[in-house]
Structure formats: structure tokens, C-alpha cells
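**Student:** mind looking at a prediction? Sequence and model below.
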Amino acid sequence: MKTIKSIKWSLLLVPVISMFLFVITITAAPMTITEKMNPFEIQTIAVVAAETANKANEVEPQASPVTVASAAKSSPPTTTTAPSSTPAPAKAKATSSVKKVQPQPSRSSTPTKTAVAQPSTPTKTTTAQPSKASAIIATGKQYIGVKYVYGGTTPSGFDCSGFTQYVFAKNGINLPRVSRDQFKTGTSVSFSNLKSGDLVFFSLAKNGVVDHVGIYVGNGQFINASSSKGVTIYTLGSYWKSVYVGAKRVL
């Protein structure tokens, strides 16, 4: 009797467990089974399972196969999207993330400004102009040999003061007419400090009164219009020193 009950319970549990596993399988992976089976096959399996259960236990009513099939149809299959196992191409990703670096010009490539040589401005060459003293002496020497004329003031004939007045006037300097008045002009100069262009005065009467004048040309010499030789150059020797009165600088 116990053996018959055990067999009866075994026959009852087997279809229940099979049905339970079937429902779980359909719910968990409906895409795997239902895609390969048509509705007729699913309904047939459900009917067979129900008939087996009814035979094992005729007392307990089983769920209608139509209801099971309807429940199987009404439960919406859940689709699980499998993660894509194919990784994106690493090369394309790396290419999109890497910025193209533009070469920057180095500092050494910066063009330097080239200095343009400016045309040189011609410098004015200043010709050395002869000093006033040199010009006066040069003018006086032009008339060497002109005869002596008392009261003469031109190259046709000079007296001593007429000669000095003419030469200085040619160089822009005005002097009085007679030697005594010329002695009153300019600055007194000692004999040891004589320079070219200075006026030298004499007293031929040896009474201290000025009565003769000439132009000092340097090297102990002077140019004058003498009564004996006309315009000539004399050396300030012993005679001339004996009648020498003084000198004046008018330049």
C-alpha cells in the first residue's frame, strides 16, 4: 500500500516540477525557445503536460492548457540587449582625440629687419681761409716796387701812411690818413710780442714824434713805402730799432 502511494506521489510531482521548470525557462529566456517554436507546438506541450498530471492525480484539477498557452502568449517577452563585445576601432578613436599640431615658426625664423644703408651726406670741406693778417701781408707784397710819392694814396705812388691806409682798406679795415693818427688806434704791443699784421711806428727825426709807419710781416721784418726805395721790405736792424717808437694791433 505504501509503495502504491509513493508511486502515486512521484507521478504527481514529476509533471508539476516539469511544468514549473518550463514556465521559468520561457519567462527567463523567451527569445531562445519561442523563436524556434510555433504556437501550436507550445500548446501541444502544455496539453501533454496537463494530461500527464491529470492521470497522476485525477482529484486535483489542473489548469486548462488554453489558459497556460494564453498566459504564455500574454506575457511579453523581455528582450535583453547583449552588450556589444566588439570594441570600437582603437585607431579611429585615437585619431579623433589627437589634435593635429601645426608647426610653430621658431624664433630664429623671424625675419630680421635689414638696415638699409643711408646715402652718406657729403660733408662740406671747409677750405682754410687765410687769416686777416696773412691777407693784409699778401696785399702789401703785391705793390712792392711802387714808387714813393709824398701824399700818395694809390698804386700810382704811395707815401708811408698812404700805403698802410690803402692796404688795410682793401681788407675792410679803415685807418686814419696820417701816421700820427694811426698810432692812436688799436692796442699797444711790445716789441717782443709783435705778430704779422701789426703796425710798427718810427720817429725818423728822433724827437719821439711819429713820422713813419710800416706793416710787420714776421721774422723781424716789415713792409713800408720808403722815400728812398718806394714799397719794400726792411729788416728791423740796429738802425730801425734806434728810431722805433712802438706798435699797434688793429686786427
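**Tutor:** Received it, and whenever you're ready, just let me know what you need.

**Student:** specify the local secondary structure of Ala138.
**Tutor:** helix (DSSP: H, G, I helix; E, B strand; the rest coil).

**Student:** how many neighbours does it have?
**Tutor:** 13 (other Cβ atoms under 10 Å). In short, each C-beta sits where N, CA and C put it, glycine included.

**Student:** for Ser196, see how far away it is.
**Tutor:** Here Ala138 is placed at a distance of 11 Å from Ser196 (Cβ to Cβ, to the nearest Å).

**Student:** and what of Val213?
**Tutor:** From Val213 to Ser196 the distance is 16 Å (Cβ to Cβ).

**Student:** which of these two has more neighbours?
**Tutor:** Of the pair Val213 and Ser196, Val213 is the one with more neighbours under other Cβ under 10 Å, namely 26 against 18.

**Student:** what's the helix or strand for the more buried one?
**Tutor:** For Val213, the host element (DSSP states H and E) is strand 212-218.

**Student:** shaky segments in the chain?
**Tutor:** Applying pLDDT under 70 to the chain flags residues 1-12, 14-15, 22-23, 25-130.

**Student:** show the contacting residues for Val200.
**Tutor:** Val200 makes contact with Leu194, Val213, Gly214, Ile215, Tyr216, Phe222, Leu236, Tyr244, Gly246, Ala247 under the criterion Cβ atoms under 8 Å, 6 or more residues apart in numbering.

**Student:** how about a cut-off of 7 Å?
**Tutor:** Residues near Val200 by Cβ atoms under 7 Å, 6 or more residues apart in numbering: Gly214, Tyr216, Phe222, Ala247.

**Student:** bridged to the last one, which residues?
**Tutor:** It refers to Ala247. Val189, Val200 (DSSP bridges).

**Student:** pretty sure it is touching Asp198, no?
**Tutor:** Yes: when contacts are counted by Cβ atoms under 7 Å, Ala247 is listed as touching Asp198 (5.0 Å).

**Student:** please enumerate the shared neighbours of those two.
**Tutor:** Val189, Tyr216.

**Student:** what about the helices in the stretch 151-251 of the chain?
**Tutor:** Under the criterion DSSP state H, counting those that start in this stretch, the stretch 151-251 of the chain contains helices at 160-170, 179-182, 238-242.

**Student:** what packs against the shortest one?
**Tutor:** In this case it means helix 179-182. helix 160-170, strand 212-218 (3 or more Cβ pairs under 7 Å, 6 or more residues apart in numbering; DSSP states H and E).

**Student:** save the contacts of Val200 as CSV, and put in neighbour count and distance to Gly186 too.
**Tutor:** Shown next, in CSV, are the contacts of Val200 (neighbours: other Cβ atoms under 10 Å; distance: Cβ to Cβ, whole Å):
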residue, neighbour count, distance to Gly186
Gly214, 26, 14
Tyr216, 23, 12
Phe222, 25, 16
Ala247, 21, 9
